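A.B. asks: using only what follows, build the 3D model:
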Amino acid sequence: MDRKRHKKTPPFRKAKAVYELKTVREILRHPDPNPNVKWVFRKDERNKYEKLGYTLSQALNIVRMLRPKDFDISSPASSDRHAQTVDVYKIQDPYAPREKPRKLYMKFFVRFAETPDQADQLVMISFHD
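C.D. replies: Just a heads-up that it's a prediction; the model follows:
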């Protein structure tokens, strides 16, 4: 008797927040910082801005002041169909000396407010070169 072989399905990864690429792009396209959006940095080891030599205010200024025209936007190819894609923004470091420019890579996701008195959060999940 032959056993039937079943295809292995990849495990489904539940997203911790809703990744809204369009929303991130709209926020960045806005000429002024959106008052309904609160910028948040994750507090884990994935934020490398300190290792890159930035203070938190410098890192926030880089994010707040730049607009999509300054970004090279690419979504990483994912082999897992269920994985959520995140925009990757590649920018020129505004604090770097002109002789040796650095490129910074950032990823964002949006955490929507649960109650009307809260603000949406634009969360940076990566900041590295």
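A.B. asks: wait, isn't L122 in contact with M106?
C.D. replies: No - counting by CB atoms under 8 Å, L122 stays clear of M106, with 10.9 Å between them. The C-beta positions use only the backbone N, C-alpha and C, and glycine is treated the same way.
A.B. asks: need the pLDDT of E20.
C.D. replies: pLDDT for E20: 56.
A.B. asks: tell me where the model's unsure across this structure.
C.D. replies: For the chain, the stretches with pLDDT under 70 are 1-3, 6-23, 25, 28-36, 43-47, 64-88, 98-99, 101.
A.B. asks: can we see that at 80?
C.D. replies: Along the chain, the model assigns pLDDT under 80 to residues 1-48, 50, 56-57, 60-113, 118-129.
A.B. asks: all strands for it, in order.
C.D. replies: Remark: strands assigned in the chain by DSSP state E are 37-41, 72-74, 88-92, 103-111, 120-128.
A.B. asks: beta partners of V110?
C.D. replies: L122 (DSSP bridges).
A.B. asks: that one: how many residues sit nearby?
C.D. replies: 18 (other CB atoms under 10 Å).
A.B. asks: try T115
C.D. replies: Counted with other CB under 10 Å, T115 comes out at 5.
A.B. asks: now the closest residue to Q58 other than its chain neighbours: phi and psi?
C.D. replies: Take Q58 and drop its neighbours on the chain: the residue closest to it by CB to CB, 6 or more residues apart in numbering is Y95, 6.5 Å away. Y95 has phi and psi values of phi -90, psi -10 when expressed as degrees, to the nearest 10.
A.B. asks: how about stretch 108-122: buried residues?
C.D. replies: For stretch 108-122, the neighbour count (16 or more other CB atoms under 10 Å) marks 108-111, 120, 122 as buried.
A.B. asks: hmm, M106 and I91 touching each other?
C.D. replies: Yes - here I91 lies in contact with M106, judged by CB under 8 Å, at a distance of 7.3 Å.
A.B. asks: and those two? which has more neighbours close in?
C.D. replies: M106 (21 against 16).
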